[in-house]
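# Curious how this folds, go ahead:
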Amino acid sequence: MAAQEGGSFSNALLAHLGCFSFQVRRCEKESLSSTRTRKRGLIVAMMTPAKQARLIVLANGQPIPLAWEVTLVGRQDPTLGIFPEINLADNTVAGRHAYLRNDQGTFTVENVASLHLTRLNGTDLPPHQEHLLTDGDILHFGAVALRFELY
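Have a look, this model is predicted:
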């Protein structure tokens, strides 16, 4: 990545470090704090990683990282060509049960009109509406209970 002056450098840096958030300011002074780095007339403030999340299966403690922007939760069915990112092998889970979305560290859940419902903290979710997730929320996909965790 070639360093450039002004906005072009910050845009190139953004493209290179897409999963990080940071601030870029013009450098006017020579004395900088220890959390900043001078780079060709710019100050790049300390970078912080975007929020990450996972689900914990309550029955056995298994962690499931949420590594995608859109994650299909469901039950695998090779005959129908259904291969969800999170496969919950339980008959009460539909093939395409719900979507989990990550929009720059803000996580949501959407019920996909499954017969066995999706519940958030005990409340049945209507189909095709996104609902905000917060740390510690309990999700039920059919009879499978999971805890949502930010870290």
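
# Break the chain down into its domains, please.
6-49, 53-150 (automatic domain parsing).

# and those domains, which one's lowest on average pLDDT?
Of all those, domain 6-49 carries the lowest average pLDDT, namely a mean of 43.

# For this structure, just list every one of the helices.
Ranges of helices within the chain are 6-16, based on DSSP state H.

# and V57, what does it touch?
Taking CB atoms under 8 Å, 6 or more residues apart in numbering, we find V57 in contact with 64, 144-146. (Each C-beta comes from the backbone N, C-alpha and C, glycine too.)

# ok, so of those, who is nearest D135?
The nearest member of the contacts of V57 to D135, counting by CB to CB, is L146 at 13.2 Å.

# The closest one and I138 touch, don't they?
Yes. In this structure, L146 is within contact of I138 by CB atoms under 8 Å, at 7.4 Å.

# So between those two, which is more surrounded?
Neighbours were counted for L146 and for I138 using other CB atoms under 10 Å; L146 has more, 22 against 14.

# how about the more buried one, what does it touch?
Taking CB under 8 Å, 6+ apart, we find L146 in contact with 55-58, 64, 138-140.

# what do you get for H131?
Contact partners of H131, counting by CB under 8 Å, 6+ apart, are 108-110, 120, 125.

# can you pick the most crowded of these?
So for the contacts of H131 (other CB under 10 Å), the most neighbours sit at V109, 23 neighbours.

# about what we covered before: and the contacts of H131, which is closest to V73?
V109 (8.4 Å).

# Compute the distance between that closest one and I82, please.
Distance from V109 to I82, counting by CB to CB, to the nearest Å: 19 Å.

# on that earlier part again, ok, the contacts of H131 vs T92, which is closest?
Ranked by distance to T92 (CB to CB), the contacts of H131 are led by L125 at 15.3 Å.

# Phi first, then psi, for that closest one.
The main-chain torsion angles of L125 are listed as degrees, to the nearest 10 and equal phi -100, psi 130.
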